[in-house]
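Engineer: No letters, just coordinates:
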């Protein structure tokens, strides 16, 4: 029964913390806009390549997320039935590795951390999975439980948002994340 008073207190705290000083908010917005306008523009070049099917009957489905590691390998998390969910390819579109069949219900997001580990999210089961660069499972977590796969599992710092591409996935947080330690 402590849940209702706690929720009410959190709601009131959030409402109280909201600033009603529009002049201060406008000033902050103007400062942010000035910083964005002063920032260096990076040139972008669109590159299109065709993924080369590794065999007959192979077909990529809907790509839900794409990431690139420090060596230039391209990781695609896809939702098709005729290919593994995690595809790793080179810049010519050749499949280097693929894995994950049966591990995902709705593959959602993929990120590579600075150490080269691959982090994925399944949106249907609220599962976060960590793999080494060679596709060895190291860590998985759901709302119900966390599991270390082998000796490589470590405590995961709990802060940030996995959905925010500006943050490292090694500092992610979700209601489903349970650190091992």
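Structural biologist: Arrived safely, thanks for sending. From a predicted model like this one, the values you see are computed outputs, not experimental measurements.

Engineer: Which strands border the helix or strand hosting residue 138, and is each parallel or antiparallel?
Structural biologist: Here residue 138 sits within strand 137-141, counting by DSSP states H and E. Strand pairing for strand 137-141, determined by DSSP bridges: strand 127-131 (antiparallel), strand 146-148 (antiparallel).

Engineer: taking the mean pLDDT, what do you get for the longest helix anywhere in the chain?
Structural biologist: For the chain, the longest helix by residue count, based on DSSP state H, is helix 22-38. For helix 22-38, mean pLDDT rounds to 88.

Engineer: before we move on, what about stretch 102-115?
Structural biologist: Across stretch 102-115, the per-residue pLDDT values average to 93.

Engineer: Next, the distance between the ends of it.
Structural biologist: Using CA to CA, to the nearest Å, the end-to-end distance of stretch 102-115 comes to 26 Å.

Engineer: Kindly report the same for stretch 52-68.
Structural biologist: Using CA to CA, one end of stretch 52-68 lies 18 Å from the other.

Engineer: Equivalent analysis for stretch 120-139, please.
Structural biologist: Stretch 120-139: ends 10 Å apart by CA to CA.

Engineer: Then stretch 54-69?
Structural biologist: 21 Å.

Engineer: ditto for stretch 69-83
Structural biologist: 21 Å.

Engineer: all helices for this structure, in order.
Structural biologist: 3-17, 22-38.

Engineer: Now do the contacts for residue 135.
Structural biologist: Residue 135 makes contact with 86, 97, 99, 118, according to CB atoms under 8 Å, 6 or more residues apart in numbering. From N, CA and C alone the C-beta is placed, and that goes for glycine too.
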